[in-house]
Structures are given as structure tokens and as C-alpha cells.
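Asker: Give me coordinates for this.
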Amino acid sequence: MAETLHYVEFLIFGVTLLISISIGIYFAKSGGKQKTLEEYLVGNRKISFCPVAISLLVTFQSGISLLGLPVEIYQYGTQIYLGIIGLVTGYILVAVLFVPVLHPLQLTSVYEYLELRFQSRAVRITGSVLGSLFTVMYMAIALFVPSLALEAVTDLSVWISIPLVASVAVLYTMMGGMKAVVWTDVFQFLVMIAGITVVLVKGIIGSGGLLQVWQTCSEQGRVQFLNLDPDPTARQTFWAVTLGTVTSWIGHGISQSGVQRISSTSSIREARKAVLTNLPAAVILETLMALLGLVLFAFYYNQACDPTRAGYIQSSNQLVPYFVTEQMSVVPGFVGLFMACLFSATLSTLSSGLSAVSALIWEDMVDPTLSRTSEVRGTFVTKVTVVCTGVATVGLAFLAMNLKGTITQITIGTLSATSGPLLGVFLLGMILPWANAKSAIVGGFLSFCLCVTMTVGANFAPTPSHNSMLPKVPISGCYVNSSANHSLSVYTNTNTEGYNYTEIYQATPYYNVSASMEDGESPYFDITGMWLFRVSFLWYHLIGVVSAFIIGLLTTLITGGFSDIPAEPRFVLPCIRHMKCFTRNYHASSSILLRSYQGSPLLTSHMQGRSSMRSSFRDKKTGML
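Answerer: As a prediction, the model looks like this:
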């Protein structure tokens, strides 16, 4: 049977939830009391850069990350840790290149940019629908996975934890809006750091110290950073982990959740500070989770007892909660702190997603269909949307309990496949001034089909031999008795037999799903000849971006897009604005249009708007755009 928890554990967990709700109540009663859309969705665009930076961080660090990254390193080594290179590079590019484009537009929905840039509402709606579906399904997985993992080693049922945690997220998001989301993220970040640190200290002490941990992991091949194998089917290589994750983190930075936070700051300078200040904290958090994986390996290797192989737990991603409940339950409060840590990571992802989806539905789908509506009514609609989205998320989370591992991998792989093509469409608009709406739709659609095909095919393709795990922890030191397998009954009762948590983590935001079974054997049939299906998932996002851009470029050539007037300078990257070929063609095309339709009231108004736009983007000292 599952571990029975002391009441202190539930007390600490409950206090964490109550503090989160209290923050929502505070912002519901203070300031403008969340009566305007500007305040509710983007915090009146006056939130300080520091809390925004922390909110950016925890939005994309869910409970899946907390459970999955340590296990990934436990099984496959530290190569995946170099993903921080992609993280740092991606966010620097967001701050330098993308913030100057997106922040001045004062967006609430990031997909409004697509309509402005491509002059097509169809492009905007398509992007918004895909973005909303991605967010809701990701929230469901982020809610379900830690709940099920914790149930397997404690007596906290998923039928309690899933509705409870979702209700808390819905409550404080609905009441306090973006301000509550950002400041609860700050509180939850502190809880996450505290929980991980306590588990780390206990593990380091039990493993004989940091030096002993490093020595053990080095001797057993867990410390590896420079696997330069160019084979794209290899599970983890330096190239896949670094290059393959840069676009993933750029995608996070300019996603709806990211742009909402960027837009909630008062200036480009503040937005850049928020993105860049996020980096040190992100590196620290990733390092702590990676170190936890090494500590767990050293601890169980010294004991010569792998809990998964011994049958103490059903899935390797129950490893972290199993360690906490088995090794730290002696002191009341430690397990409760870990529960608070795990679900704080989940809450931050849920609240950000709820706010993002409510903004998308209002800005892209509801508001444009209404001839007139008040701020109060608009705010009420977005709050109702938060509740409805929360209910849908809970429903999907429970639905996921009935899915087998392979189906779940297909679902999650599809989620990963949406963000790459979407980023490719954004880059198409920002880099190629002549790209048109046809190129955006064709490029995005075909890229999405390619990524989904690769995701589905990967579940049938055998895993390459070089993707197998490193030598496993022995089980010669395990003490097996009838109570050792206490987690199995709970796990089986949830009807998720064969569910692979490591694979879930690897697919979001940038980790790899390379097989449908933990031993790396395909449960279906051999299609070894289909090389494309064996490409590491670490490349999927980059493939989606590049394919969408290239197909969009070719479509632009075919449809004669280069004969059109290029996009306004404010819609392209700063480095493109200053290219002579762009500025010369833009002004020449505008002059031809002006001479052709001189005297037209509509054109006069249009060109006056462009002139005003150009003056707003001129350097005050040089006069240059």
C-alpha cells in the first residue's frame, strides 16, 4: 500500500495553496480591482521586470520537469544538461531581436502580430487555435503526470489532487488576473527552490558528499558532455541538445505566455531586463534538477538497489517522490515541502496557461465578433473563460489516465510539433519582408504535417542501439519483501499500465521521446528503413521551424510575393530594417503606389499612418529607422 502521510505534510501543502489564493484575493481587491481588460490580461503594462523574469522562468518549468530531468540524467547521463546553452542563447536572441518588434505593438494576443504582418485574419485565427489547443493539452499533462506519480508512492489520490490543484489555479487566476499570476509565480519559485534544495541536501549526505557523488557518477559513465556524434538518430548528442533546443526556447519566449509577460512591462528596456534577468535563475534551477539526478544515481548505486528494477516502483519517473517518501518521511514536514514544491511547479504552468488561453479566446475570437462591449463585460467574459478552460483541463487530465503509453506519446509529440511550425511562421514574417499570407498558411500547415508524421512514425520505429541507457544500477543490495511493491496496486488501479513518465518529460518543452517502451524495444513492427522516424525528438522543434520557413519562402517565390510591397519596418527584425536592400525597395514601392493612386483619400490616410509609424521608429539622434 502507499505511504501514509503525517498530517503535517498536508498542512504544509495546504498552506502553500492558501497563500497562492490569498495573493489572488489581494490583487482582486487592490488597484483597479481587475475591472479592465488592460489590467486583467497584461497588468496595465506596468509590472516590474524582476517578478516578470521569475514568472517567465517558472511558466516553462512544470512538475514534469522536476520529475523528468533528474531521471533522464539518472538513466542517460549529463549530456542533456547542456540544454542550458540553448536556453541562454534562445533567450538572448529573444531579448535582442524579438522584444523590439513585439513590445512596441502593445499586443495582448501574440497572434495579432500575424494579422498585422500578413494582413490576413485567417493566419491569425489558425495560429490562435493551434496555440490554444497546445496550451490546454500541455496544462492537462502538466497536471496529470505529477499527480499520478505522487499517488503511486503516497496516499494522495489523483481524484483529489487534480481537481484541488486545478481549482486553486483557476481561483487565483480568475480573481487577480496577470498581476496575481506573476506574483504567485514568484512565491512558487521560492517554494520550488526550497523543496529541491532540501531533497538535494538529504541525498548528498546519504551519498557520502558531493565529491563521492561526482566520483561514482564519473566512474559509471553518467558524466558526459561532449558526445559529438553527428548522427541525428542518436538519443542525446552535443549538437542535438544545444542546436535543437535554441529554437525551442525562442518559441517559449515569443509564445502567448511569454509575450503576455513581455507586454506587461512598461518599456522595451524593462522587457529586455525581464528576459535577461530570467537567465541566471533558469540556469540555477536547471543545475539543481540535474544535480539531483546525479545524487539519486550515486545514492542508489551505493546501495546497489535500483527501485524500478527491484519492483518498488512501476515507473522510473516515480523515483524522486519515492526517494522523498522513503528517505525523508522520518522528519515530519519534509514530504509536505516536496509536495508543495512539485505542485507549485504545476500551479505556475496552469495559471500561466489559463491566463494565456483566456486572452487568446477574447482577443482573437470573441471581441472581433462584437460590435461594441464594455470593459467590465469583456473582463467578465475572460474570467468565465478561465473557469471553462480550467474545467476542460481537468477533464483532459482524467482522460489521459485511460491512455496507454504509445497513444500518450503520439499526443505529446503532436503538442511539440505545433510550436515549431508556429515559430517558423513568425520568423517568416519577421525575416522575409515580402512573405505573404499564402506562404504563411502553406508553410505552417505542411511543416505541421511533417512534424506530426515524424511523431507518429517514431512510435513504430525501433530505437537505434546507441540510444540505449547506460549500465543500470544493480539490485543485489535490495531487500525484497511482500510490502516492497506497495506502489504497484495504486499504479495499476489508475489504468495507466505502461505509462512512461520519462517520455512525457522529454517531449516537453524540448526533451526526447525516442521509444514507446523504457527498454527501447518497439511494441509494433520494424520499419528500420524509415530513417526519418528514428530522428531524435531533440531535433523536432528545429525541423518544424526550418521546414515552415523554407516552404514559406518557396511559396512566396511561386505566388509572386516578391513583387508586392514589403512589410512595414515595424513588423520585421531590427537587423532587417536597416538593410539597404529592404529600405530602398520599401520606399521605392511606397512611392510607386503613391504616384499611381495620388489623390485617393483612402491611400492618403494609409500613407499618413505609415509616415507616423516611420517617425515613431526613427532614432532620435541619427534620424535613421
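Asker: which SS class is V223?
Answerer: coil (DSSP: H, G, I helix; E, B strand; the rest coil).
Asker: max-length helix in this structure?
Answerer: As assigned by DSSP state H, the longest helix anywhere in the chain is helix 158-207.
Asker: going on from that one, what's the next piece of helix or strand?
Answerer: Per DSSP states H and E, helix 158-207 leads on to helix 210-219 as the next helix or strand towards the C-terminus.
Asker: Check which helices and strands that next one is in contact with.
Answerer: helix 158-207, helix 268-303 (3 or more CB pairs under 8 Å, 6 or more residues apart in numbering; DSSP states H and E). Every C-beta, even on glycine, is put in place using the N, C-alpha and C of the backbone.
Asker: what angle do that helix and helix 158-207 make?
Answerer: Here the directions of helix 210-219 and helix 158-207 differ by 100 degrees (axes from the mean of the first three to the mean of the last three CA atoms, to 10 degrees).
Asker: Average pLDDT for the next helix or strand after helix 210-219, rounded please.
Answerer: Next along the chain after helix 210-219, taking DSSP H and E as the criterion, comes helix 238-253. Mean per-residue pLDDT for helix 238-253: 88.
Asker: so what does the helix or strand following helix 238-253 touch, helix or strand wise?
Answerer: Proceeding N to C from helix 238-253, the next assigned helix or strand is helix 256-263, under DSSP H and E. Packing partners of helix 256-263 (3+ CB pairs under 8 Å, 6+ apart): helix 37-42, helix 49-59, helix 99-102, helix 121-151, helix 268-303, helix 334-360.
Asker: Tell me which of these lies nearest to R261.
Answerer: The closest of these to R261 is helix 49-59. By CB to CB, the value is 5.0 Å.
Asker: contacts for the helix or strand hosting L18?
Answerer: Following DSSP H and E, one finds L18 within helix 7-29. For helix 7-29, the external contacting residues (CB atoms under 8 Å, 6 or more residues apart in numbering) are 34, 164-165, 168-169, 171-177, 179-180, 183-184, 187-188, 191, 332-333, 335-337, 339-340, 343-344, 347.
Asker: 6 Å instead?
Answerer: With CB atoms under 6 Å, 6 or more residues apart in numbering as the test, helix 7-29 has contacts from 34, 168, 171-172, 175-176, 179-180, 183-184, 191, 332-333, 335-337, 339-340.
Asker: again with stretch 169-189
Answerer: Contact with stretch 169-189 is made by 20-21, 23-24, 27-28, 34, 40-43, 47, 51, 54-55, 58, 264, 344, 347-348, 350-351, 354-355, 383, 386-387, 390, as judged by CB under 6 Å, 6+ apart.
Asker: ok so, going back, let me have the helices and strands packed on helix 256-263 in TSV, adding distance to V546 as columns.
Answerer: What follows is these, written out as TSV (distance: least, CB to CB, whole Å):
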stretch	distance to V546
helix 37-42	32
helix 49-59	25
helix 99-102	20
helix 121-151	18
helix 268-303	24
helix 334-360	26
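Asker: Tell me which of these is the most buried.
Answerer: helix 334-360 (a mean of 28; mean count of other CB atoms under 10 Å).
Asker: Tell me which other helices or strands it touches.
Answerer: Where contact means 3 or more CB pairs under 6 Å, 6 or more residues apart in numbering; DSSP states H and E, helix 334-360 is packed against helix 7-29, helix 63-76, helix 121-151, helix 158-207, helix 256-263, helix 319-327, helix 375-400.
Asker: next one: that helix to chain centre, how far?
Answerer: Offset of helix 334-360 from its chain centre (CA atoms, centre = their mean, to the nearest Å): 12 Å.
Asker: Flag the shaky bits of the protein, pLDDT-wise.
Answerer: 1-3, 401-415, 459-469, 479-530, 561-565, 580-625 (pLDDT under 70).
Asker: picking up where we left off before, okay, the helices and strands packed on helix 210-219 in CSV with distance to V246 next?
Answerer: Output for the helices and strands packed on helix 210-219, formatted as CSV (distance: least, CB to CB, whole Å):
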stretch, distance to V246
helix 158-207, 24
helix 268-303, 14
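Asker: ok, and the closest non-adjacent residue to L97?
Answerer: Spatially, and ignoring its direct neighbours in sequence, L97 is nearest to L573 (5.2 Å; CB to CB, 6 or more residues apart in numbering).
Asker: Got phi/psi on the one you found?
Answerer: In terms of degrees, to the nearest 10, the main-chain angles of L573 are phi -60, psi 150.
Asker: my guess is it contacts V99, does it?
Answerer: No - counting by CB atoms under 6 Å, L573 stays clear of V99, with 10.8 Å between them.
Asker: so how many other residues sit close to G209?
Answerer: By other CB atoms under 10 Å, the residues close to G209 number 12.
Asker: I should have written I160 there, sorry.
Answerer: Neighbour tally, I160, other CB under 10 Å: 12.
Asker: How about F537?
Answerer: Neighbours of F537 under the rule other CB under 10 Å: 26.
Asker: what does S120 give?
Answerer: S120: 17 surrounding residues under other CB under 10 Å.
Asker: For the residue nearest to it when sequence neighbours are not counted, what are phi and psi?
Answerer: Distance criterion CB to CB, 6+ apart; nearest residue to S120, sequence neighbours excluded, is A437 at 3.6 Å. Dihedral angles of A437 (phi, psi; degrees, to the nearest 10) stand at phi -60, psi -40.
Asker: Fine by me, thanks again.
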